[in-house]
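[1] Mind looking at a prediction? Sequence and model below.
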Amino acid sequence: MAFEGLTSRLQGVFSKLRGKGKVSEEDVNAAMREVRLALLEADVNFKVVKDFIAKVKEKSVGSEVMDSFTPGMVIIDIVNKELTELMGGSQAKLARNNRPPTVVLMAGLQGAGKTTTSAKLAKLLLKGNHRPLLVAGDIYRPAAIKQLQVLGEQINVPVFTLPEGNSPVEIARQALQHAKDHGNDYLLIDTAGRLHVDEELMEELRQIHEVTKPDEVLLVVDAMTGQDAVNVAESFNQQLELTGVILTKLDGDTRGGAALSVKAVTGCPIKFAALGEKIDALEPFHPERMASRILG
Ligand code: GDP
């Protein structure tokens with residue numbers, strides 16, 4: 001499971017603090033040195049770690065904490081709150097356009113989980129009594145179109161496709177009209193991925209953006225890739241103005257760096273987390289729950 005290493009490291013640090021009736025500034029410094037190492041080992045961005053430790057220290061060494069009955073517990077609570085803040089503070093909800101359909105553009109590198117996640121998101125929306133329409137926009141990978149059709153059938157959500165020869169921009173344009181005509185209140189556009197961020201891919205996404213004016217541009221990133229995921233998010237964000245990130249494969253043994261850095265580095269909130277291959281393994285991302293989970 002994700003974060004195992006980080007959780008056990010932090011538990012080790014905190015068990016030392018928890019029992020203490022008195023905590024000295026040196027105790028706090030020693031604990032923070034260990035937290036710092038634990039976060040770096042979990043592949044959290046270097047600068048993010050530095051800022052995080054500075055904030056926790058600043059809040060921990062005041063007399064209010066030091067003179068409290070359970071200073072160790074108070075410090076753990078401060079760490080919990082700062083971790084929550086780091087991941088965005090409160091839950092960032094999916095946009096909803098007052099004039100449907102709400103258009104959601106799904107972007108990401110190949111293999112990140114874009115197609116699967118699009119279907120998972122459709123399933124979540126369906127559960128919330130919405131009428132999503134999935135759009136197969138990854139025309140370069142015929143298998144991706146088929147994959148989306150199979151998933152759509154499985155969850156009973158229509159999948160919009162056009163015959164070969166149509167560009168992704170044309171597909172998106174017609175899909176938007178189709179959604180308006182058929183009362184679909186969410187349009188989820190699966191787009192092509194590449195192995196790396198490249199100009200051609202960005203240009204195509206920009207064009208789809210231009211014709212569909214999405215309410216959400218969600219970047220799907222593989223949490224297992226750690227800081228690479230954060231770098232990918234940063235470069236997509238520079239070119240496309242993301243509205244959110246979806247972290248996938250949090251069920252794997254990711255060290256957690258991506259989850260803990262992506263918001264701080266890019267400013268984009270994590271909106272959903274995928275925790276498995278199954279179609280219902282997607283959930284809204286709750287920073288406070290994730291922080292508690294990390295602290296164990
Ligand atoms: P795309 O190229 O970005 O569209 O990626 P796909 O949706 O085809 O997913 C690539 C692989 O990752 C597939 O084998 C998925 O089943 C798998 N996958 C996607 N999300 C998750 C997840 O949250 N957990 C796990 N374990 N596997 C996932």
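    It's in. For clarity, every value in this text was computed on a predicted model and none was experimentally measured. Numbering: from 1, shown residues only.

[2] which outside residues touch the helix or strand of the chain with the lowest mean pLDDT?
    Within the chain, no helix or strand scores below helix 63-66, which has a mean of 78 by mean pLDDT, DSSP states H and E. The contact list for helix 63-66, computed with Cβ atoms under 8 Å, 6 or more residues apart in numbering, reads 22-25, 59, 71, 74-75, 78. Placement of C-beta: from N, CA and C, glycine included.

[3] Would you mind checking those residues for buried ones?
    Buried residues within the contacts of helix 63-66, counting neighbours by 16 or more other Cβ atoms under 10 Å: 23, 59, 71, 74-75, 78.

[4] Run a quick neighbour tally on the closest residue to the ligand within the stretch 151-296 of the chain.
    The nearest approach of the stretch 151-296 of the chain to the ligand comes at residue 274, 3.3 Å away (Cβ to the nearest ligand atom). Residues near residue 274, counting by other Cβ atoms under 10 Å, number 25.

[5] ok, it touching residue 118?
    No - using Cβ atoms under 8 Å, residue 274 makes no contact with residue 118, being 11.0 Å away.

[6] Please identify the helix or strand for the closest residue to residue 155 other than its chain neighbours.
    Nearest residue to residue 155, sequence neighbours excluded (Cβ to Cβ, 6 or more residues apart in numbering): residue 123, at 4.8 Å. Per DSSP states H and E: residue 123 is located in helix 114-127.

[7] what is the mean pLDDT for the helix or strand following the least confident helix or strand of the chain?
    Once helix 63-66 ends, the next helix or strand along the chain (criterion: DSSP H and E) is helix 71-86. Averaged over helix 71-86, pLDDT sits at 93.

[8] Likewise for stretch 212-229?
    pLDDT averaged over stretch 212-229 gives 96.

[9] Regarding that stretch, how distant is the last residue from the first?
    End-to-end distance for stretch 212-229, by Cα to Cα, to the nearest Å: 26 Å.

[10] For that stretch, list every residue counted as buried.
    By neighbour count on 16+ other Cβ under 10 Å, the buried set for stretch 212-229 is 212, 214-227, 229.

[11] so which of the residues you listed are also by the ligand?
    With Cβ under 6 Å from any ligand atom as the criterion, the buried residues of stretch 212-229 include none near the ligand.

[12] Just the ones of those in helices?
    Of these, the ones assigned to helices by DSSP state H are 212, 227, 229.

[13] Looking at the buried residues of stretch 212-229, which is nearest residue 3?
    residue 223 (10.0 Å; Cβ to Cβ).

[14] ok, the closest one - contacts?
    Going by Cβ under 8 Å, 6+ apart, residue 223 touches 2, 229, 247-250, 252, 254, 256, 258-259.

[15] List of residues touching the helix holding residue 123?
    104, 106-108, 132, 134, 138, 144, 147-148, 151-152, 154-157, 186, 188-191, 193, 220, 246, 248, 272, 274, 277, 279-283.

[16] Stretch 98-107 now?
    With Cβ under 8 Å, 6+ apart as the test, stretch 98-107 has contacts from 94-97, 114, 117-118, 121, 133, 176, 179-180, 183-191, 193, 205, 208-209, 212-220, 236, 240, 242.

[17] now swap in stretch 272-288 and tell me
    With Cβ under 8 Å, 6+ apart, stretch 272-288 has contacts from 83-94, 113, 116-117, 119-121, 123-124, 151, 154-155, 218, 244, 246-251, 259, 269-271, 290.

[18] Ends of that stretch, what's the gap?
    Stretch 272-288: ends 14 Å apart by Cα to Cα.

[19] my read is residue 105 is in a helix, agree?
    No - counting by DSSP: H, G, I helix; E, B strand; the rest coil, residue 105 is located in no helix; its state is strand.

[20] Just the buried residues of the contacts of stretch 98-107.
    When neighbours are counted using 16+ other Cβ under 10 Å, the contacts of stretch 98-107 contain these buried positions: 94-95, 114, 117-118, 121, 133, 176, 179, 184-191, 193, 205, 208-209, 212, 214-220, 236, 240, 242.

[21] Thought residue 257 was touching residue 44, still the case?
    Yes - counting by Cβ under 8 Å, residue 44 does reach residue 257; the two are 4.8 Å apart.

[22] sorry, back to before: could I have the CA atoms of the helix holding residue 123 written out in PDB?
    C-alpha atoms of helix 114-127 as PDB (Å, rounded to 0.1, in the frame of the first residue of the first chain):
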ATOM      1  CA  LYS A 114      -6.400   8.400 -18.600                       C
ATOM      2  CA  THR A 115      -8.800   6.100 -20.400                       C
ATOM      3  CA  THR A 116      -9.500   4.000 -17.300                       C
ATOM      4  CA  THR A 117      -9.900   7.100 -15.200                       C
ATOM      5  CA  SER A 118     -12.300   8.700 -17.700                       C
ATOM      6  CA  ALA A 119     -14.600   5.700 -17.300                       C
ATOM      7  CA  LYS A 120     -14.200   5.600 -13.600                       C
ATOM      8  CA  LEU A 121     -15.200   9.300 -13.400                       C
ATOM      9  CA  ALA A 122     -18.200   8.600 -15.600                       C
ATOM     10  CA  LYS A 123     -19.200   5.900 -13.200                       C
ATOM     11  CA  LEU A 124     -18.900   8.300 -10.200                       C
ATOM     12  CA  LEU A 125     -21.000  10.800 -12.000                       C
ATOM     13  CA  LEU A 126     -23.600   8.200 -12.900                       C
ATOM     14  CA  LYS A 127     -23.900   7.400  -9.200                       C
END
